[in-house]
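Undergrad: Sequence and predicted structure are below.
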Amino acid sequence: MQKFDNLIVGAGLAGVWTAYRFMQENKTFVLLDLKEKNTSSRVAAGIYNPLLAKRQKVSYNAKNLYPNLYSNYHELEVLLQEKFCYKHHVSYIIENLRELNDWASLSDSDWFSDFVRVKNERISDLVVSDFGYIDILDSGWVDIPLFLDAFLSKIHAPNMFLNQAFDDNSLVVNQDNFQYEDFLFNHVVFCQGTAIDQNKYTSNIRLKPAKGEILTIESQEHLSQMIPQNGVFLLPVSEKKYKVGSNFTWDNLDNIPSESAKLEIIQKLCKWYKAPFEITNHVAGVRPSSLDRRPILGRLDFHPKAFVLNGFGSKGVSHAPYYSKMLSRLIYGDVNVDKDVDVSRFK
Ligand SMILES: Cc1cc2nc3c(=O)[nH]c(=O)nc-3n(C[C@H](O)[C@H](O)[C@H](O)COP(=O)(O)OP(=O)(O)OC[C@H]3O[C@@H](n4cnc5c(N)ncnc54)[C@H](O)[C@@H]3O)c2cc1C
């Protein structure tokens, strides 16, 4: 029987970052995932942004999560020899004079000064931004499918990627380890996103999943290096090709694109984007959001060597590097999990 340190179930952002953290600890792993097209990580736009600009708030734990985010992904770009992370700032379009005044004073405050620069200029002739915009520092985007595929294709012995479904009934739970098929593991980590409820070992953890949809458009307007946003974002992914989204719904939690979401996204975009465009693609996915909008990680009740990493909601890109590290330090170091993200809150 082959022995490994870790079994990781799920190869989205949570699972892949966990695998990388184990590599950094010189620990072996098997990463198991039935690769599907419409998982949250493969549908996501991949934007990271420390602000909730419309609500004039800094997002949860921003001061820890964002300053090193680009360098975390860049470290993997170097290792994998692939470019998938871009420092293109999100540019929040200021709507009116009141918002402009608010941002003029907020941008000097302790909370915001690290993240915001107010720009008193238009983004372009075809992007209505008469009151200017705020340039959000420490923001950007990651081409997540490219990142995940680069990582999975370069896993090599002694580590392994298995493209197959995990069956919780086939996991043999011993006192000191776990057996799955012909393999023996010291630890198991479940990173299954919204499928958390299909695994009897994690089904007590409640998510509040949110469906979201994204359009791909082609347009002659040339915007690069910035991601205009108000209501929806306009993310330039290659010359004249943009992703636009996203919306949130909490019913019909399937991966089927809907006409109503398409209309909602187009309406929001057309409020400020005045160039003609053609829709070339439309996808939907479901975010693994938690009720309290915090990640979920830590040791599971059923076994001291079983763990979970989940609950990234709409912030997978920024949460995965930081919280995968917290988890690997819980397993291999002497670090405790922060109380407000600890899975024990579901007891
Ligand atoms: C429309 C949309 C837009 C988004 N935009 C952004 C964005 O711009 N920025 C951002 O940071 N986040 C965004 N997100 C959120 C982001 O996608 C998630 O937070 C993140 O991808 C979650 O990663 P995860 O690994 O926890 O889950 P997932 O990506 O769902 O990965 C879970 C994996 O587990 C596998 N799995 C589950 N059960 C089994 C099983 N039994 N056997 C084998 N494999 C299994 C699945 O195949 C999947 O690959 C968006 C999400 C959506 C839907």
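TA: Perfect, thanks for sending it.
Undergrad: Please name the bridge partners of the spatially closest residue to Asn252 that is not a sequence neighbour.
TA: Leaving aside its chain neighbours, Asn252 sits nearest to Lys211 (6.7 Å; criterion: C-beta to C-beta, 6 or more residues apart in numbering). C-beta here means a position set from N, CA and C on the backbone, and glycine is covered the same way. Note on Lys211: beta-bridge partners Thr249, Val286, judged by DSSP bridges.
Undergrad: residue contacts, Lys211?
TA: Phe248, Thr249, Trp250, Asp251, Asn252, Leu253, Asp254, Ala284, Gly285, Val286, Arg287 (C-beta atoms under 8 Å, 6 or more residues apart in numbering).
Undergrad: What of Ala104?
TA: Val118.
Undergrad: Tell me how far it lies from the ligand.
TA: 28 Å (C-beta to the nearest ligand atom, to the nearest Å).
Undergrad: Does Thr194 belong to a helix, a strand or coil?
TA: Under the three-state scheme (DSSP: H, G, I helix; E, B strand; the rest coil), Thr194 adopts helix.
Undergrad: Next up, the contacts around it.
TA: Ser40, Leu207, Pro209, Leu253, Val286, Arg287, Pro288.
Undergrad: Could you do Val308 as well?
TA: Applying C-beta under 8 Å, 6+ apart, the residues contacting Val308 are Val189, Phe190, Cys191, Ile196, Thr202, Ile205, Ile296, Leu297, Gly298, Leu300, Val343.
Undergrad: does Glu181 really touch Ser170, like I thought?
TA: Yes. Using C-beta atoms under 8 Å, Glu181 is in contact with Ser170, at 6.8 Å.
Undergrad: related to what we said a few turns ago, what would the contacts of Thr194 look like in CSV with distance to the ligand, secondary structure and neighbour count?
TA: Formatted as CSV, these follow (distance: C-beta to the nearest ligand atom, whole Å; DSSP: H, G, I helix; E, B strand; the rest coil; neighbours: other C-beta atoms under 10 Å):
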residue, distance to the ligand, secondary structure, neighbour count
Ser40, 4, helix, 25
Leu207, 10, strand, 20
Pro209, 9, coil, 19
Leu253, 10, coil, 14
Val286, 6, strand, 22
Arg287, 4, strand, 24
Pro288, 5, coil, 27
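Undergrad: Glu181 and Ser170: which has the busier surroundings?
TA: Glu181 (14 against 9; other C-beta atoms under 10 Å).
Undergrad: ok, that one to the ligand distance?
TA: With C-beta to the nearest ligand atom as the criterion, Glu181 and the ligand are 13 Å apart.
Undergrad: can you check Asn96 too?
TA: 26 Å.
Undergrad: which residue sits closest to that residue, ignoring its sequence neighbours?
TA: Closest to Asn96 by C-beta to C-beta, 6+ apart is Phe131, at 6.1 Å.
Undergrad: What residues does the stretch 201-347 of the chain have near the ligand?
TA: Proximity of the stretch 201-347 of the chain to the ligand (C-beta under 6 Å from any ligand atom) is limited to residues 212-214, 245-246, 285-288, 310, 312-318.
Undergrad: Lovely, talk soon.
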